[in-house]
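Q: pasting the sequence and the predicted model now:
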Amino acid sequence: LRGVVVITKTVIPLLLGTFFASCASLNDIKFNNTDLGSNLPFPVIPESELWANSSQTELPTIHWVDSFSDPVLRDLVQEAFVSNPSMLAAKYRVDAANARIDISDSERFPSLSANSRLSRNENASSLPGSTNISSGLTTSWEYDLWGRIENSIDASFLDFKAVSADYNSARLSVAGQVSLAWFDLIETRLLSELSNRTVATKTRALELTQRRFEGGVTGSSDVRLARSSLASAQASQSLQLQRLSSATRRVEILLRRYPAAELKAPSDLPELPKLKGVGTPGYVLRNRPDLLEAEYRLKSQGLQIEIAKKNLLPRITLDGSGSLASRNLNDFFEIDALVASLAGSISAPIFQGGRLKANVSQQKSIMKSQLESYAGLILNAYLEVENAIGSEKRLSEQEKALRISLNEAQKAESRLELRYTEGLATILQLLDAQSRSLTAEGQLISSRKERLSNRVRLHVALGGGVELTKLSHGTDAQAFKIEKKE
């Protein structure tokens, strides 16, 4: 056997000296785990642990889509979970983060590579040429003395959890967007139908006025006013039809359908479900996906600071290689053609122009930036919930008042239409009464829709998740399971 094991001896004393000098100069560096709570710039949960706007403290339902008792809405949300581009993009980000864990984990193991070379040399003289054949394996492995590689693996796993939380956030957001767009579509249909009735009402008023004019009861100005009112109603009718098409297309693109404006809306808005509970601020902090994502990002960034610090420390690596070389293929597999080497090395940064220390400062600044962003997210989450809870009562009072307004306006319209036919009221009084009645009805439709939309915004702000109890399809994005890599 003509094997050679090589360890460079001349540089080992210098490397050991550098190793211990580096350790002595870095004694002040402490690798503590990031304490997220102690680093936040303000208390994350209000002292009262209750919402400023009083409401039920029971946990919110995760079946809030089903609570609207609209089977079409449930099916649309289900379809969006499977087809919406944002959902699919979020799923692929999870897949990429999952693969990143494997990449980081691979650094714990030795790397092994193979190489082969065949060359032929020919001489211009009469001397014979030569053939060189070589093949070998090389390996390298770093001993994770300081836990830098382990920190990198943990950071990748935290990034994976952050992306998984982003997937849940996308799921909640898509359910909210589809629900809001669906209620907008129903409202637009109802307003479009109202505009059709408005045109019919104005047409009837014009016909009545023309008969009175032909009978000499009224003047031409009344006819012109009735015609003007009808033309305005027809213009509004065209506008509502355009809005109906736009609202339909908005729902369709959320479902990844071509925006052909073919989706049909039901004839009325669903009833507002009873609100069972909204939890507490602490519940939102623990369950809202975007806050969980930001928290995982913060913890991952804490590990990035540790990694940046440990890049200042020496590294221990083992390198090995084995090769076969021969000028004759017949002798290639002879034991004498084998050459092997094993080398251990210690490397430590001495001078890099301050790059490594600047990297530590950079990672700390990124951490501070993320902390402030996290604080902003928490405050915005509380703001969204408080606004939605406060709107529940105000919108309820508004709808009640509008129902009274509509009832009185309809009665006044009927009375004035009768008085107008009897010649006891003017055309202006009749047109005004009609406008008040139709306006009140349109406002009531919009108020009902706004209460439904506010309830959707409340559930999204609470971040309590969304589950569908009754599925019309066998495939569901919820079936996409996030597997923890150990």
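A: Yep, that arrived.

Q: in the protein, which spans are helices?
A: 12-25, 36-39, 64-67, 71-83, 85-105, 148-214, 220-254, 281-287, 289-310, 355-421, 427-462 (DSSP state H).

Q: which of those has the lowest average pLDDT?
A: Among those, helix 12-25 carries the lowest mean pLDDT, a mean of 39.

Q: follow-up on the earlier one: Serialize the helices of the chain to JSON lines and add fields for distance to residue 117 and mean neighbour count.
A: The way it works is simple: take the backbone N, C-alpha and C, and place the C-beta from them, glycine included. Output for the helices of the chain, formatted as JSON lines (distance: least, CB to CB, whole Å; neighbours: other CB atoms under 10 Å):
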{"stretch": "helix 12-25", "distance to residue 117": "31", "mean neighbour count": "13"}
{"stretch": "helix 36-39", "distance to residue 117": "54", "mean neighbour count": "10"}
{"stretch": "helix 64-67", "distance to residue 117": "64", "mean neighbour count": "21"}
{"stretch": "helix 71-83", "distance to residue 117": "53", "mean neighbour count": "19"}
{"stretch": "helix 85-105", "distance to residue 117": "30", "mean neighbour count": "16"}
{"stretch": "helix 148-214", "distance to residue 117": "32", "mean neighbour count": "20"}
{"stretch": "helix 220-254", "distance to residue 117": "57", "mean neighbour count": "17"}
{"stretch": "helix 281-287", "distance to residue 117": "60", "mean neighbour count": "18"}
{"stretch": "helix 289-310", "distance to residue 117": "37", "mean neighbour count": "21"}
{"stretch": "helix 355-421", "distance to residue 117": "36", "mean neighbour count": "16"}
{"stretch": "helix 427-462", "distance to residue 117": "62", "mean neighbour count": "20"}
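
Q: so residue 111 is in contact with residue 142, correct?
A: No. Taking contacts as CB atoms under 8 Å, residue 111 lies outside contact range of residue 142: 9.4 Å.

Q: the more surrounded of those two?
A: Neighbour tally, residue 111 and residue 142, criterion other CB atoms under 10 Å: the higher count belongs to residue 142, 18 against 12.

Q: TSV for the helices of the chain, including distance to residue 349?
A: Shown next, in TSV, are the helices of the chain (distance: least, CB to CB, whole Å):
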stretch	distance to residue 349
helix 12-25	8
helix 36-39	28
helix 64-67	55
helix 71-83	50
helix 85-105	22
helix 148-214	13
helix 220-254	52
helix 281-287	41
helix 289-310	11
helix 355-421	6
helix 427-462	48
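
Q: with respect to residue 57, which of these lies nearest?
A: Among the helices of the chain, the nearest to residue 57 by CB to CB is helix 281-287 (8.8 Å).

Q: report all helices and strands that that closest one contacts.
A: helix 289-310, helix 355-421, helix 427-462 (3 or more CB pairs under 8 Å, 6 or more residues apart in numbering; DSSP states H and E).

Q: give me the pLDDT value at residue 280.
A: Reported pLDDT at residue 280 in the predicted model: 85.

Q: touching, it and residue 52? I think so.
A: No. Using CB under 8 Å, residue 280 is not in contact with residue 52, being 11.9 Å away.

Q: give me the more crowded residue out of those two.
A: The residue with more neighbours, out of residue 280 and residue 52, is residue 280; 18 against 13, by other CB under 10 Å.

Q: residues contacting the more buried one?
A: Residue 280 sits next to 49-51, 57 when contact means CB atoms under 8 Å, 6 or more residues apart in numbering.

Q: top of these by neighbour count?
A: When neighbours are taken as other CB under 10 Å, the top entry among the contacts of residue 280 is residue 51 (20 neighbours).

Q: please report phi then psi for that one.
A: phi -70, psi 150 (degrees, to the nearest 10).

Q: so who does the nearest residue to it once chain neighbours are set aside touch?
A: Residue nearest to residue 51 in three dimensions, not counting chain neighbours: residue 389, with 5.7 Å by CB to CB, 6 or more residues apart in numbering. Neighbouring residues of residue 389 by CB under 8 Å, 6+ apart: 51, 53, 55, 278, 458.

Q: mind checking how far residue 389 is from residue 395?
A: According to CB to CB, to the nearest Å, residue 389 stands 11 Å off from residue 395.

Q: pipe the helices and strands packed on helix 281-287 into TSV and attach distance to residue 65 per row.
A: As requested, these are exported to TSV (distance: least, CB to CB, whole Å):
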stretch	distance to residue 65
helix 289-310	16
helix 355-421	16
helix 427-462	9
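
Q: residue 174: which of these is closest?
A: helix 427-462 (10.2 Å).

Q: helices or strands up against that closest one?
A: Under the contact definition 3+ CB pairs under 8 Å, 6+ apart, helix 427-462 sits against helix 64-67, helix 148-214, helix 220-254, helix 281-287, helix 355-421.

Q: tell me which of these lies nearest to residue 313.
A: Closest to residue 313 of those is helix 148-214 (CB to CB; 7.8 Å).

Q: excluding its backbone neighbours, what's nearest residue 451?
A: For residue 451, ignoring the flanking residues on the chain, the nearest one in space by CB to CB, 6+ apart is residue 395 at 4.7 Å.

Q: which ones are touching that neighbour?
A: 447, 450-451, 454.

Q: ok, now with 6 Å
A: 450-451, 454 (CB atoms under 6 Å, 6 or more residues apart in numbering).

Q: can you check residue 457 too?
A: residue 388.

Q: look up how far residue 388 lies from it.
A: For residue 457, the distance to residue 388 (CB to CB) stands at 5 Å.

Q: same question, residue 111
A: For residue 111, the distance to residue 388 equals 54 Å [CB to CB].

Q: also residue 348?
A: 57 Å.

Q: quick check: closest non-adjacent residue to the residue nearest the centre of the chain.
A: Centroid-nearest residue in the chain: residue 170, 3.7 Å away (criterion: CA atoms, centre = their mean). Leaving aside its sequence neighbours, residue 170 sits nearest to residue 90 (CB to CB, 6+ apart; 4.0 Å).
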